[in-house]
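J.: this one's structure only:
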Ligand SMILES: Cc1ncc(COP(=O)(O)O)c(C=O)c1O
């Protein structure tokens, strides 16, 4: 596989050009940082090297079309919501998306800004803020009784904890009811390269986003919008325009080259390294379980501990690891999430398990996270977003209506969405997750 963007930029920089174009550092910061000069193609009107490179990615992932993002999965998520709205309006319908409640806030704000109606799918089990188990049987029951058939079902898989949905089963249900299946696969780009692909494109999703930068050897910001081979051709025709609607007009060529390089790496030795790493990390996980740790999630490159049963909160354990110069992806009172590497020094899985097992086990912490409820939607998210709002402390938020869901709650899954009433359970949950302030409507409609 070739790397046409990398080749173009390397040749350009080597020709020592007089750079009378952006960026302002004129190559002094990095000679490979260029803009859309002649020959460099145009990201969302691709006809040259970008189209060729995206074609390489599409061949790798087995898609009808793969479009690059240099603005993370946030951009393709907005594009997916917009494409769904366009698709519905093509057949004279009102767009409606049935979405797992653990959606990232970008999905929520996109739907709110575009005035796309969302019907939440709540977890079938107890669930927590980060996870939302939706089974094919549960989805089928929900679609059977739905007053209005959704245009699309939107799920997050893998979720932040590494739980993976039965995408193939959900896809079969979506087909039966004539709905599209959209997957936020921000955490799962690498799933395509496992010995048996469990990437959403292989399992029947119509559209998905991948944050290449989260799990592949790609610079921060590199991501994909994938359109499956079986999705209506409309999505391929409209994809670039949909991305351009939300994207910067100054795409980073450093990130584009990184996505381009990834095609070469992913079609060579990286895949073997992934297979070896997945096996070694699986053994490490089993050692941790034998040593008393409780783990969740099926995703091979995530190690998610539920450390309360070992006597620590997730935040406690994160601090202990930080003192040893080990930095995790995420912690909260109940979880510690480590994102595992594919290429590493020999023996790393052993060293990490030994470090975790050397932390003395203590009496379990028995406090459970507050149960989450289902908030009452007083206004549509779109209406709530455009009304006068104010910031209040969480203690003064009871009974108020959430304005925008931009709560600083990593991993960006709001407890309450725009237009929903903040009830007692929500105040308790936000206090538990350390949220001190929220934006609420000035007046209650
Ligand atoms: C589940 C999920 N979806 C979407 C996003 C947004 O992705 P990005 O940061 O690549 O824009 C994130 C970011 O962490 C995420 O965790």
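T.: Cool, got the structure. Keep in mind the model is a prediction, meaning the values are calculated, not measured.

J.: just the helices in this structure please.
T.: Counting by DSSP state H, the segments of the chain that form helices are 4-14, 49-61, 74-90, 105-114, 136-145, 167-177, 212-215, 233-246, 253-266, 269-290, 314-323, 348-357, 381-385, 424-432.

J.: closest one to the ligand among those?
T.: helix 74-90 (3.4 Å; C-beta to the nearest ligand atom). For glycine as for every other residue, the C-beta is placed from the backbone atoms N, C-alpha and C.

J.: can I get the helices of the chain in a markdown table with mean pLDDT and mean neighbour count?
T.: Compiled in a markdown table, the helices of the chain are given as follows (pLDDT from 0 to 100; neighbours: other C-beta atoms under 10 Å):
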| stretch | mean pLDDT | mean neighbour count |
| --- | --- | --- |
| helix 4-14 | 98 | 18 |
| helix 49-61 | 98 | 20 |
| helix 74-90 | 97 | 24 |
| helix 105-114 | 95 | 23 |
| helix 136-145 | 97 | 16 |
| helix 167-177 | 98 | 20 |
| helix 212-215 | 98 | 24 |
| helix 233-246 | 98 | 17 |
| helix 253-266 | 98 | 23 |
| helix 269-290 | 97 | 16 |
| helix 314-323 | 98 | 17 |
| helix 348-357 | 98 | 17 |
| helix 381-385 | 94 | 21 |
| helix 424-432 | 93 | 18 |
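
J.: contact residues of the stretch 51-200 of the chain facing the ligand?
T.: 72, 73, 74, 104, 106, 156, 160, 184, 186, 187 (C-beta under 6 Å from any ligand atom).

J.: can you flag the buried ones in the residues you listed?
T.: Among these, those classed as buried by 16 or more other C-beta atoms under 10 Å are 72, 73, 74, 104, 106, 156, 160, 184, 186, 187.

J.: residues contacting the closest residue to residue 277 other than its chain neighbours?
T.: In this structure, residue 277 finds its nearest non-sequential neighbour in residue 342, 4.7 Å apart by C-beta to C-beta, 6 or more residues apart in numbering. Taking C-beta atoms under 8 Å, 6 or more residues apart in numbering, we find residue 342 in contact with 190, 217, 270, 273, 274, 277, 301.

J.: isn't residue 438 up against residue 394?
T.: Yes: with contact taken as C-beta atoms under 8 Å, residue 438 and residue 394 are classed as touching, separated by 6.1 Å.

J.: hey, what's in contact with both of those two?
T.: In terms of C-beta under 8 Å, 6+ apart, residue 438 and residue 394 are both contacted by the residues residue 430.

J.: the residue of the stretch 201-350 of the chain found nearest the ligand - how many residues pack around it?
T.: Closest approach of the stretch 201-350 of the chain to the ligand (C-beta to the nearest ligand atom) occurs at residue 211, with a separation of 3.5 Å. Each residue near residue 211 was counted by other C-beta atoms under 10 Å, and the total is 24.

J.: just confirm it contacts residue 184, I think it does.
T.: No: under the criterion of C-beta under 8 Å, residue 211 makes no contact with residue 184, lying 9.4 Å away.

J.: what's the overlap in contacts for the two?
T.: Between them, residue 211 and residue 184 have residue 73 as joint contacts when contacts are counted by C-beta under 8 Å, 6+ apart.

J.: what's near enough to touch the residue in the stretch 1-150 of the chain positioned nearest to the ligand?
T.: Distances between the stretch 1-150 of the chain and the ligand by C-beta to the nearest ligand atom are smallest at residue 72, namely 2.3 Å. Residues in contact with residue 72, defined by C-beta under 8 Å, 6+ apart, are 186, 211, 213, 220, 221, 223.

J.: quick one: which of those residues is nearest residue 253?
T.: Within these, the smallest distance to residue 253 is 11.6 Å, found for residue 221 (C-beta to C-beta).

J.: give me the number of residues near that closest one?
T.: By other C-beta under 10 Å, the burial measure for residue 221, its neighbour count, is 21.

J.: mind checking how far it is from residue 212?
T.: From residue 221 over to residue 212 the distance is 9 Å, taken as C-beta to C-beta, to the nearest Å.

J.: likewise for residue 106?
T.: Here the criterion is C-beta to C-beta. By it, residue 106 lies 16 Å from residue 212.

J.: and the residue nearest to the spatial centre of the chain, what pLDDT?
T.: Most central residue of the chain, judged by C-alpha distance to the mean C-alpha position with C-alpha atoms, centre = their mean, is residue 186 at 3.0 Å. In this model, residue 186 is scored at 98, pLDDT.

J.: for it, what are its contacts?
T.: Listed by C-beta under 8 Å, 6+ apart, the contact set of residue 186 reads 72, 73, 104, 156, 209, 210, 211, 214, 223.

J.: mark which of the residues you listed are part of strands, please.
T.: With strands taken from DSSP state E, the overlap with these comprises 156, 209, 210, 223.

J.: okay, now the second one: neighbour count?
T.: Burial measure for residue 209: 31 neighbouring residues, criterion other C-beta under 10 Å.

J.: ok, for residue 393, nearest residue in space, not its chain neighbours?
T.: Spatial nearest neighbour of residue 393, chain neighbours left out: residue 437 (5.8 Å); criterion: C-beta to C-beta, 6+ apart.

J.: how much space between the one you found and the ligand?
T.: Note on residue 437: its distance to the ligand, by C-beta to the nearest ligand atom, to the nearest Å, is 22 Å.

J.: and that residue, what's its pLDDT?
T.: Checking the pLDDT column for residue 437, the value is 92.

J.: please report how far it lies from residue 400.
T.: Going from residue 437 to residue 400 by C-beta to C-beta gives 12 Å.

J.: overlap of the contact sets of those two?
T.: With contacts defined as C-beta under 8 Å, 6+ apart, the residues adjacent to both residue 437 and residue 400 are residue 392.

J.: ok, these two, which is more surrounded?
T.: For residue 437 versus residue 400, neighbours defined as other C-beta under 10 Å are more numerous around residue 400 (21 against 14).

J.: partners of the closest residue to that one other than its chain neighbours in the sheet?
T.: In space, not counting the residues next to it along the chain, residue 400 is nearest to residue 440; the distance is 3.8 Å by C-beta to C-beta, 6+ apart. Listed beta-bridge partners, residue 440: residue 390, residue 402 (assigned using DSSP bridges).

J.: my guess is residue 440 contacts residue 387, does it?
T.: No: under the criterion of C-beta under 8 Å, residue 440 is not in contact with residue 387, lying 10.1 Å apart.

J.: between the two, who's got more neighbours?
T.: Set side by side, residue 440 and residue 387 give different neighbour counts by other C-beta under 10 Å, the larger being at residue 440 (23 against 15).
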